[in-house]
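In: Sharing a model prediction with you, sequence too.
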Amino acid sequence: MNAIRLKKGFSIRIAGAPGRQLHLLDTPHHVGMIPEHIPFIKPRLLVEEGDPVAVGTPLFEDKRNTRIRFLSPGGGQVTRIAFGPRRIIREIMITLDKNEPYEAFDVPTVEQLDEMPRQALVDNLLNGGMWPFFKALPFMDLADPDTVPPAIIVRLGDDEPFGPDPVVYLKDREDQFSLGIDLLNKLCDRVVINLTGDEAAVSSLPDPSVIHRFTGCYPSGNPSVQLYRIRTGPEQNRSWFIDGQDVILLGDYFRTGRYPVQRIMTVGGSLAPAAVHVSTRTGVPLRHLCSHGPAGKPAARYITGGVFTGFAGSPDSFMGFYQNALNLVDDGDREEFFGFIRPGALKPSYSTAFLSAFHRKPFPMDCGQHGEVRACVNCGTCATICPVDILPQFTMKCLVADEVEEALAHGLLDCAECGLCTYACPSKIQLRDVFRSAKAQYYKEIA
């Protein structure tokens, strides 16, 4: 096992880290899918309101490649399809039956997998709705099933507040994880397991795999950052990655012949009634995960995914396809009396100008910007904190001047979209949004 320590970055001390105790939630009355949170996809609906569906029934497909389909996370009836501007599919809600029907998939036995050609395995994964778990770097789009990647990165653990702990979701599921790794070894010649955090999970990992253990500052669990640290040539920039929990789902799929919907998720944040891991299912309503914030506290913002890179939701929305964490954070939408002269003893910040720099305990974080957007002052803070060594301030100015080639030379495609530059910027410039939009636009032009 190779140990890699990330020195550049920043780990903010946020209150509400989930403990490792696992709580089993009851089955919700309904589940949902949120297609608009899936990057780059152009969904085409395959169902209508009122249609009966089983677990594993296709709900929509990607117009760019109709073999890639997203399946129903529940068995019952499609009761609502919500559209946004320009007919963007925002939400598909399914009311569950008491006895949920399941679609049965024809999967090979473990013995047959040893002799199965790669293309047959790819076709089986596409048919079973498992292919969307594979994403390709550097744009983080769905992987192309017609290509062979130089490597597949298995991401075990995410140090962004607050993702599921691999020690929790690997427990008693080592066999499914090992089977999933065997499947990945059939898709490409190099499978790399990147472990972030506690070394206790190492005992659950298969021996033959290449394992790197990342420690240090956030975002050591980001797949783009990990690839930046372990790649040996430019050809590896097109590597794929998959989350460790999704590898377990691959093993579940080939063991049962059913589309797997069980998930281990976290509920955390300073306003969470209980910061814990929960055993639930794909597309669970946020209200079911955490019905309300604690009484007498400020209004909570529901964030699905990490605090830096997640999506704002509401109690009536659902957990996204790629999100396994719910963070409840103070909305921060209020004025602070004499805030401009306060010493900031309880304000988390990258800057050492606040007294909070001497505070070593976790902070109750809020979503307020604590200042307005101003012009870039060339302070270099974003370059100091950037974990992939690009120069965010110059890259941003190149994009504003429409000098895309120069922005690429500064390392735009290496951007991990971790959000640290936005968090640390004293001018409150949304650098992550600028870079993410620029990468997406460039990707659409070259695709």
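Out: Looks like it arrived, so ask away.
In: so how many other residues sit close to the closest residue to F214 other than its chain neighbours?
Out: Leaving aside its chain neighbours, F214 sits nearest to S220 (4.2 Å; criterion: C-beta to C-beta, 6 or more residues apart in numbering). No exception for glycine: its C-beta is placed from N, CA and C like everyone else's. Residues contacting S220 under the criterion other C-beta atoms under 10 Å number 26.
In: And F105, how close does it get to G56?
Out: As for F105, its distance to G56 is 7 Å (criterion: C-beta to C-beta, to the nearest Å).
In: which neighbours do these two share?
Out: Shared contacts of F105 and G56, defined by C-beta atoms under 8 Å, 6 or more residues apart in numbering, are found at G128, R258, Y259.
In: got the buried residues for whichever strand or helix holds D175?
Out: Element membership for D175 (DSSP states H and E) is helix 174-187. Within helix 174-187, the residues that count as buried by 16 or more other C-beta atoms under 10 Å are Q176, F177, S178, L179, G180, I181, D182, L183, L184, K186, L187.
In: cool, stretch 123-130 as well?
Out: Under 16+ other C-beta under 10 Å, the buried positions of stretch 123-130 are N124, L125, L126, G128, G129, M130.
In: need the contact list for the residue nearest to F214.
Out: I4, L6, G9, D159, T196, F214, Q226, P387.
In: Could I get the average pLDDT for the host helix or strand of the first one?
Out: Applying DSSP H and E as the criterion places I4 in strand 2-6. Looking at strand 2-6 alone, the average pLDDT works out to 91.
In: Work out the gap between that strand and the centre of the chain.
Out: Relative to its chain's centre, strand 2-6 lies at 22 Å (C-alpha atoms, centre = their mean, to the nearest Å).
In: just stretch 166-173 next, same as before
Out: For stretch 166-173, the separation from the chain centroid amounts to 18 Å (computed by C-alpha atoms, centre = their mean).
In: quick revisit: any idea which of the buried residues of helix 174-187 is closest to E335?
Out: Set against E335, the nearest of the buried residues of helix 174-187 by C-beta to C-beta is F177 (49.6 Å).
In: And the closest one, how close does it get to L137?
Out: 22 Å.
In: Ok, L96 next?
Out: 36 Å.
In: Among these two, which residue is more densely surrounded?
Out: Shown here are L96 and L137; by other C-beta under 10 Å, L137 has more neighbours (25 against 18).
In: Correct me if wrong: the more buried one contacts N237.
Out: Yes - using C-beta atoms under 8 Å, L137 is in contact with N237, at 6.6 Å.
In: Now do the shared contacts for those two.
Out: By C-beta under 8 Å, 6+ apart, the residues touching both L137 and N237 are L227.
In: ok now do V31, which residues does it touch?
Out: V31 makes contact with P73, G74, M93, I94, L96, R281, T282, G283, V284, P285, F318, according to C-beta under 8 Å, 6+ apart.
In: do the same with A82
Out: With contact taken as C-beta under 8 Å, 6+ apart, A82 is in contact with I89, R90, E91, I92, M93.
In: what about the second one, neighbour count?
Out: Going back to what we said before, that points to R90. Applying other C-beta under 10 Å, we find 17 residues neighbouring R90.
In: Pretty sure it sits in a strand.
Out: Yes - assigned with DSSP: H, G, I helix; E, B strand; the rest coil, R90 falls within a strand.
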